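**Q** Sharing a model that was predicted from the sequence below.
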Amino acid sequence: MPDEFLWGGGRTDTEATVTAEPLPTELATWPAWTPGEDQLAELELLTSGAYAPLTGYLTAADLAAVADRAELADGTPWPLPVTLTVPATAVPDGAEHLVLQDHEGSPLAALNITERVFADGAGSLLRLAGPVTALREPEHGPFRRLRRRPAEVRAELAGEPVLAIATRRPLNRRHLGQLRHFADQLRARLLLLPLVAGPAAIVTRPEALVRSVRAAAQQLPEGTLLIPVPLPPRPDPASELRARAVIAAAYGATHLLADSADAPGPPHGMPGPLHGMPGPPQGMPELPQGTRNGTVWIPGLAIQVIVEGEWAYDPISEVWRPLSLIEPGAERGELSDGELDTLLDAGDPVPGWFMPENVAAELRRARPPRRERGVVLFFTGLSGSGKSTVARDLRDALAERGDRSVSLLDGDLVRRLLSAGLTFSRADRDLNIARIGYVATEVARHGGVAICAPIAPYAEARARVREMVTAAGDFLLVHVATPLDACEARDRKGLYAKARAGLISGFTGISDPYEEPDDADLVIDTSVMSRQEAVTAVLALLTRGGWITPEPAQAAGYPRPDGGAGAGRHGVTLVMPGLPGRTGY
């Protein structure tokens with residue numbers, strides 16, 4: 001596909017060239033910074049040519065023009081803001097370059113800074129603009145061998161219609177039916193673009209998304225291409241659709257299949273323009289007359305976005321098809337994400353009418369049933385609240401069962417080993433919790449149970465651990481809400497007395513705040529319940545959620561964790577009893 005056709009005229013397609021020369025010596029004198037995951041992904045899109053004609057980050061004038069009329073300040077069509085925001089401390093005053101490096105410190109690209117503006121009112125963040133020079137190809141990441149440069153793929157697909165789907169979720173039989181249907185009408189080749197930056201629906205991890213899409217590709221015509229693309233998620237459906245269209249066009253697609261929920265603008269089933277583009281560029285292959293779908297057009301992109309009409313499963317013909325072709329009342333809608341979550345959590349089979357067996361197998365691999373899935377129980381509470389005691393007793397109860405591998409990360413033990421040398425400043429407290437979260441995540445990733453029992457006084461640090469863990473397993477927050485006066489009355493270590501006397505500064509609950517969680521899955525108060533009752537309450541949470549079965553715990557001598565003794569007692573609040581979505585996947 002000629003570049004002029006891709007972009008509808010204007011600036012020609014260019015991409016940052018990866019140098020094969022030794023790195024310039026002055027690189028060592030330039031400031032360096034490691035972007036976050038999404039920023040690294042966007043950098044790869046810039047340097048690979050997927051964001052062509054862009055060769056760097058946009059200026060304030062470019063951003064204003066993009067927002068106003070979907071073009072750059074010089075009139076080049078472009079529908080997306082592409083920016084780089086860094087801490088102000090990362091770029092010294094007067095610095096003209098910034099080296100962008102991966103998490104191992106390997107330089108990937110150099111930014112020539114042509115503009116810097118404060119990105120927040122406090123002046124702690126800078127938004128940088130300027131061209132980017134690529135230094136090295138990114139080396140790591142699952143399925144990197146499947147990634148290809150857009151120019152190479154466009155050359156392979158040139159001269160034929162190409163129908164793409166860019167997806168953050170596994171493909172079910174509806175998607176496959178629609179791809180075959182529209183590809184047949186267009187006589188188009190198929191291009192599958194799993195989006196591997198950010199979380200994936202259902203399967204969470206990008207490598208699991210690629211595996212599931214690769215399995216689905218076996219149901220599609222020969223010649224179907226699969227290329228993972230590191231496109232970070234956008235904040236709203238309209239900008240997400242534009243970003244997907246940009247990527248699909250860059251890889252040579254003439255058409256993009258989008259779920260109707262992703263497409264803004266025209267009502268369902270009604271063709272029309274997006275942001276005023278009057279219609280398809282000259283020479284664009286169009287769907288046959290009478291096709292039951294809507295289309296949208298995105299300024300500057302010679303790609304037709306197909307917004308499919310409502311489809312359903314026809315149990316009589318045993319195929320997915322447009323709802324209008326199915327006998328009224330006979331149709332069967334697709335499973336919601338919540339319904340699919342429930343099946344996977346319980347280890348129940350996914351219906352064959354909804355998803356091919358080989359794709360369902362990949363889902364089960366990525367999301368084993370809860371009884372086999374890693375889970376982190378994160379206890380939080382004041383010093384002396386009883387969290388360490390309950391955590392140790394819970395560890396013993398689960399060890400006696402023998403059906404789950406259990407690791408205990410107690411706050412005091414972690415302080416002596418994993419976090420030795422850290423102080424009790426806010427920054428060091430947060431780092432301590434991050435280290436606990438990292439280790440717990442690895443335990444969950446391998447199917448184990450991690451029990452953590454730090455004070456963890458700050459909501460932001462707890463939220464980061466939840467985010468970390470849910471990329472690998474499930475997360476349950478247990479608030480040990482024993483009142484301060486009860487904790488202080490216990491004071492076995494004499495810490496509260498020292499804090500009251502001013503001998504210890506920054507002591508949680510006395511001279512430093514404890515931010516009570518409002519997102520706990522279980523709340524217990526050990527001042528009004530026994531140790532055994534507290535453990536039983538946690539076992540009940542695990543049982544109701546499906547992470548353990550009740551029989552072994554009963555045999556170990558604990559009251560029934562499935563709702564018998566201890567369940568619903570004073571001092572126990574079961575806030576979110578194992579609901580999908582709150583606990584991880």
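**A** Received it, and whenever you're ready, just let me know what you need. Numbers count the residues shown, from 1 in each chain.
**Q** only C-alpha atoms for contact and neighbour calcs from this point on.
**A** Fine.
**Q** tell me the contacts of Thr441?
**A** 376, 468-469, 472-473 (Cα atoms under 8 Å, 6 or more residues apart in numbering).
**Q** From Leu377, how far out is it?
**A** Thr441 sits at a distance of 11 Å from Leu377 (criterion: Cα to Cα, to the nearest Å).
**Q** Likewise for Thr114?
**A** When Cα to Cα is the yardstick, Thr114 and Leu377 sit 48 Å from each other.
**Q** partner strands of the helix or strand harbouring Val307, parallel or antiparallel?
**A** Using DSSP states H and E, Val307 falls within strand 304-308. Sheet pairing of strand 304-308 (DSSP bridges) gives strand 255-258 (parallel), strand 293-297 (antiparallel).
**Q** Give me the below-cutoff pLDDT ranges for the protein.
**A** Filtered on pLDDT under 70, the chain yields the residue ranges 1-23, 260-300, 551-585.
**Q** how is it carved up into domains?
**A** Taking automatic domain parsing as the reference, the chain has its domains at 3-134, 144-313+320-325, 375-574.
**Q** now these in CSV, with distance to Asp348?
**A** Listed next are these as CSV, based on distance: least, Cα to Cα, whole Å:
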stretch, distance to Asp348
domain 3-134, 34
domain 144-313+320-325, 15
domain 375-574, 12
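**Q** Of all these, which one comes closest to Ala366?
**A** Relative to Ala366, the nearest member of the domains of the chain by Cα to Cα is domain 144-313+320-325, separated by 5.6 Å.
**Q** Do me a favour and get the end-to-end distance for the closest one?
**A** 42 Å.
**Q** Quick check on the residue positioned nearest the centre of the chain: phi, psi?
**A** Taking Cα atoms, centre = their mean, the centroid of the chain lies closest to Pro199, which sits 2.0 Å from it. Note on Pro199: its backbone torsions stand at phi -70, psi 150 [degrees, to the nearest 10].
**Q** Show me where the stretch 301-450 of the chain has its strands.
**A** For the stretch 301-450 of the chain, the strands defined by DSSP state E, counting those that start in this stretch occupy 304-308, 311-314, 319-322, 375-380, 406-410, 449-453.
**Q** Compile those into CSV and extend it with columns for mean neighbour count and distance to Glu362.
**A** Conversion of these to CSV gives the following (neighbours: other Cα atoms under 10 Å; distance: least, Cα to Cα, whole Å):
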stretch, mean neighbour count, distance to Glu362
strand 304-308, 25, 26
strand 311-314, 20, 22
strand 319-322, 20, 22
strand 375-380, 27, 20
strand 406-410, 20, 26
strand 449-453, 27, 23
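**Q** Would you mind giving these as CSV with distance to Ser124 added?
**A** Converted to CSV, the strands of the stretch 301-450 of the chain look like this (distance: least, Cα to Cα, whole Å):
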stretch, distance to Ser124
strand 304-308, 40
strand 311-314, 49
strand 319-322, 52
strand 375-380, 31
strand 406-410, 34
strand 449-453, 33
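**Q** Which of those sits closest to Gly546?
**A** Nearest of these (Cα to Cα): strand 375-380, 11.1 Å.
**Q** just the CA coordinates of the closest one, formatted as PDB?
**A** Extracted in PDB, the C-alpha atoms of strand 375-380 (Å, rounded to 0.1, in the frame of the first residue of the first chain):
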ATOM      1  CA  VAL A 375      -3.700 -16.000  46.000                       C
ATOM      2  CA  VAL A 376      -2.300 -13.300  48.300                       C
ATOM      3  CA  LEU A 377      -3.900 -12.700  51.600                       C
ATOM      4  CA  PHE A 378      -2.700  -9.300  52.700                       C
ATOM      5  CA  PHE A 379      -3.400  -8.500  56.400                       C
ATOM      6  CA  THR A 380      -3.200  -4.800  57.400                       C
END
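**Q** Run the angle between that strand and strand 406-410 for me.
**A** Using axes from the mean of the first three to the mean of the last three Cα atoms, to 10 degrees, the inter-axis angle of strand 375-380 relative to strand 406-410 is 20 degrees.
**Q** Who are the packing partners of strand 375-380?
**A** In terms of contacts (3 or more Cα pairs under 8 Å, 6 or more residues apart in numbering; DSSP states H and E), strand 375-380 is packed against helix 387-401, helix 426-445, strand 449-453, strand 474-480.
**Q** My guess is Glu195 contacts Ile165. True?
**A** For residue 195 the amino acid is Leu, not Glu. No - the pair Leu195 / Ile165 is not scored as a contact, 10.0 Å apart, by Cα atoms under 8 Å.
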